[in-house]
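S.K.: based on what follows, work out the 3D shape:
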Amino acid sequence: MAVTCFTQEFKTVIAPLRMFRALILDSHNLIPKIAPQGIKSIEFIQGEGGAVSIKQTNFADGGHLKCFNHRIDSIDVEKLSVVYEVKFEASSDGGCVCKMTSEYHVKAGLELKEEDKKQGKDKAMGLYKVVEEYLAANPEAYA
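M.R.: So this is what the prediction gives:
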């Protein structure tokens, strides 16, 4: 099984706790509601959101992928981090910098092309922006 890793980050004016709550703790409820054109559902196929949980993201019909699973190795609500790895660091303007590291384990016989990695990164950034816009428009959400 081949392993591919990439890192990306973006800055937002949304406070780190709100981003963490929306994108990590409640993503399975929020994201299918605000991005139904891309995400059909997110469900736990193991655990309930804590360490050693596995989430399955089911994409809307017609997309490049049907679904993907990601494992939560650890989650630290106090430090606003989760290992698969996403970290929300406070910035001086009251917002935060979201840093993400993704590690893909590709099944034997399959290849993860550069185009696929770029598309995945772009979709992840698009999803983070959708959540950012939702939180900006709904200041009471996840406060």
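S.K.: can you give me the strands for this structure?
M.R.: 2-12, 39-46, 53-59, 67-72, 74-76, 81-83, 86-90, 96-106 (DSSP state E).
S.K.: for Val130, which of these is the nearest?
M.R.: strand 39-46 (9.7 Å; CB to CB). All C-beta atoms are positioned from the backbone trio N, CA, C, and that covers glycine.
S.K.: coming back round to it: as TSV, the strands of the chain with mean neighbour count and mean pLDDT would be great.
M.R.: Below are the strands of the chain laid out as TSV (neighbours: other CB atoms under 10 Å; pLDDT from 0 to 100):
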stretch	mean neighbour count	mean pLDDT
strand 2-12	13	80
strand 39-46	15	94
strand 53-59	17	90
strand 67-72	15	82
strand 74-76	15	84
strand 81-83	19	66
strand 86-90	19	84
strand 96-106	16	78
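S.K.: what's the closest of the ones you listed to Met19?
M.R.: Per CB to CB, nearest to Met19 of the strands of the chain: strand 86-90, 5.0 Å.
S.K.: just the C-alphas of that closest one, formatted as CSV.
M.R.: Extracted C-alpha coordinates of strand 86-90, given in CSV (Å, rounded to 0.1, in the frame of the first residue of the first chain):
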residue,chain,number,x,y,z
VAL,A,86,-5.9,19.4,11.2
LYS,A,87,-4.9,22.2,13.5
PHE,A,88,-6.6,25.6,14.1
GLU,A,89,-4.2,28.2,15.4
ALA,A,90,-5.4,31.6,16.6
